[in-house]
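S.K.: sequence below, structure please.
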Amino acid sequence: GLPRVLGWFCGAPVCHSLYSCVRVPCRAVRGPVAARTPVVRAGHSGEHDPTEGLAESLGSVDVGCCDDGGDCDERGAGSEFQVRAFQPSDLFSRVRLTHTLDIVFQDGSVIVRDDLDSLLCVLPENIRGQVACHPQRSELLEVVLDLGRRPEARFLGGKNGGEFLREEVITHEDLEHAARALGDFGGDNRAGVEGTLHRISAIRNRRGAIVGLTCRVGRAVTGHVDMIRDIVDSPNSILFLGRPGVGKTTVIREMARVLSDELHKRVVIIDTSNEIGGDGDVPHPAIGGARRMQVPDPSQQHRVMIEAVENHMPEIVIVDEIGTEAEALACRTIAERGVQLIGTAHGQVLENLMKNPTLSDLVGGICSVTLGDEEARSRGTQKSVLERKAPPTFPLVIEMRERAMWVAHWVEDSVDCLLNGKVPVVQ
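M.R.: Sure, this is the predicted structure:
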């Protein structure tokens, strides 16, 4: 059957000017918003308990006592993550940066784990406490450090812009400290914090010196793909389409874990910027048992894709940010060899891929066809028309309109409808 409209919404229609809309019931993937309870987990070594006195420092934060074999003991369920009468020294005098301080958001079956404390060492010291205990920590998208400007925190769905973290501007010393705390920057000007999913991207001047950093927060999300579990179980290749920051990489990371650990598939990830499996030689546990191949040069991603198929016998290849003609051709080659593909690409809707000459082959490619007089009359069209020239590399395309609203296309039907001037039916 046709794919369905996918999303975390109750009774809300998915509307777009080009598509017909349907109203679907909410799946039992997420619990009620009121049940969303932050729990502070602290891992430590030695006799000192880093959670001691933490609740007083953080205000109305729920402090949970967790162990490996049991559930969290939640106190004050339903309270919000707020800061009252907090000083940065209150936190760091009790919890050192070497401790693991994770916020686990329990929201139905969706559990989000961030390693934000590992990212704090990159930031200037006098804003670390403010970031760690911000009331919107769970929605923190990135922290921007630009030379000569105030440090800024940006949040998901931030319609009013970001929030400045201090009045003093970023100096060369701040940027040099951050660079020393990171690994080496690759050819794409990206680096990471070893053992985490965070991504730090650099802006350089003409002399190659760093003048700006974008510190992107990476999160491991468990249960994020439960709503498309029936599609994940199918053997069809899937392409996730969405704008930057909508959560494409987070989704394919969780899909890698589900496919390898739960469905016992042989999965290989092509990790160009170490964004899927995290920085360092040992992959992050968020990808489960999937294997990860690192790419030394971003321009050689297509070669590593072919190498993975030829050398490591995967059943599924996962690749992030397909963006060049060579990568699109490599995807076609892999699909023709009988290997399932899961990938992402930038775009808003399916038409973006159809109109993109570099990536249109992912949906079958578009070509001009000249019809005979009788055929043109029977169709009621001009003699020169556009048609899909081949089967799509990805039979399924999922548009990620928002983090909680996805729309799925059966590509052959949707592309043919759009080329014929009809409205594709999405379910």
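S.K.: low-confidence stretches in the stretch 1-150 of the chain?
M.R.: Per-residue confidence of the stretch 1-150 of the chain (counting by pLDDT under 70) places the weak regions at 1-111.
S.K.: from what I can see Val304 touches Pro298, true?
M.R.: No: using Cβ atoms under 8 Å, Val304 and Pro298 do not qualify as a contacting pair, with a distance of 10.2 Å. C-beta: built from backbone N, CA, C; applies to glycine.
S.K.: and those two? Which one has more around it.
M.R.: Neighbours of Val304 and Pro298, each counted by other Cβ atoms under 10 Å, are more numerous for Val304; the result is 19 against 16.
S.K.: show me what whatever helix or strand that one lives in is packed against.
M.R.: Using DSSP states H and E, the secondary-structure element containing Val304 is helix 301-312. When contacts are defined as 3 or more Cβ pairs under 8 Å, 6 or more residues apart in numbering; DSSP states H and E, helix 301-312 packs onto strand 267-271, strand 291-294, strand 316-319, helix 325-336.
S.K.: which other helices and strands contact the helix or strand just after the longest one?
M.R.: Next helix or strand after helix 325-336 toward the C-terminus (DSSP H and E): strand 340-346. Applying 3+ Cβ pairs under 8 Å, 6+ apart, one finds that strand 340-346 makes contact with strand 238-242, helix 248-257, strand 316-319, helix 325-336.
S.K.: same thing but at 10 Å, please
M.R.: In this structure, strand 340-346 makes packing contacts with strand 238-242, helix 248-257, strand 267-271, strand 316-319, helix 325-336, helix 350-354, strand 396-402, judged by 3 or more Cβ pairs under 10 Å, 6 or more residues apart in numbering; DSSP states H and E.
S.K.: return the distance of the third one from the chain's centre.
M.R.: Meaning strand 267-271. Relative to the chain's own centre, strand 267-271 is displaced by 15 Å; criterion: Cα atoms, centre = their mean, to the nearest Å.
S.K.: now the angle from that strand to helix 248-257?
M.R.: Counting by axes from the mean of the first three to the mean of the last three Cα atoms, to 10 degrees, strand 267-271 lies at 150 degrees to helix 248-257.
S.K.: what packs against strand 267-271?
M.R.: Counting contacts by 3+ Cβ pairs under 10 Å, 6+ apart, the secondary-structure elements packed against strand 267-271 are helix 248-257, strand 291-294, helix 301-312, strand 316-319, strand 340-346.
S.K.: how close does Arg266 get to Lys383?
M.R.: With distances defined as Cβ to Cβ, to the nearest Å, the gap from Arg266 to Lys383 amounts to 49 Å.
S.K.: looking at these two, which is more packed in?
M.R.: Residue environment comparison for Arg266 versus Lys383 gives the larger neighbour count to Arg266, 16 against 13, counting by other Cβ under 10 Å.
S.K.: tell me if I'm right that the more buried one and Ile316 touch.
M.R.: Yes: here Arg266 reaches Ile316: they are 7.1 Å apart, a contact under Cβ atoms under 10 Å.
S.K.: what is in contact with these two at once?
M.R.: Taking Cβ atoms under 10 Å, 6 or more residues apart in numbering as the contact criterion, the common neighbours of Arg266 and Ile316 are 259-260, 290, 339.
S.K.: would JSON lines of those residues with neighbour count, pLDDT and distance to Val112 be doable?
M.R.: Written out in JSON lines, the entries for the shared contacts of Arg266 and Ile316 read as follows (neighbours: other Cβ atoms under 10 Å; pLDDT from 0 to 100; distance: Cβ to Cβ, whole Å):
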{"residue": "Leu259", "neighbour count": "26", "pLDDT": "95", "distance to Val112": "20"}
{"residue": "Ser260", "neighbour count": "22", "pLDDT": "95", "distance to Val112": "20"}
{"residue": "Ala290", "neighbour count": "26", "pLDDT": "96", "distance to Val112": "20"}
{"residue": "Val339", "neighbour count": "19", "pLDDT": "96", "distance to Val112": "31"}
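S.K.: nearest to Arg190, of those?
M.R.: Distances from Arg190 to these, taken as Cβ to Cβ, are shortest for Ala290 (20.7 Å).
S.K.: quick check: that closest one touching His264?
M.R.: No: if you go by Cβ under 10 Å, Ala290 and His264 don't touch, sitting 11.4 Å apart.
S.K.: re earlier: for Ser414, which of the helices and strands packed on strand 267-271 is the nearest?
M.R.: Comparison of the helices and strands packed on strand 267-271 against Ser414 by Cβ to Cβ identifies strand 340-346 as nearest, at 15.6 Å.
S.K.: which residues in the stretch 151-300 of the chain form strands?
M.R.: With DSSP state E, counting those that start in this stretch, the ranges of strands along the stretch 151-300 of the chain come out as 152-155, 163-164, 190-192, 199-204, 210-216, 219-222, 238-242, 267-271, 291-294.
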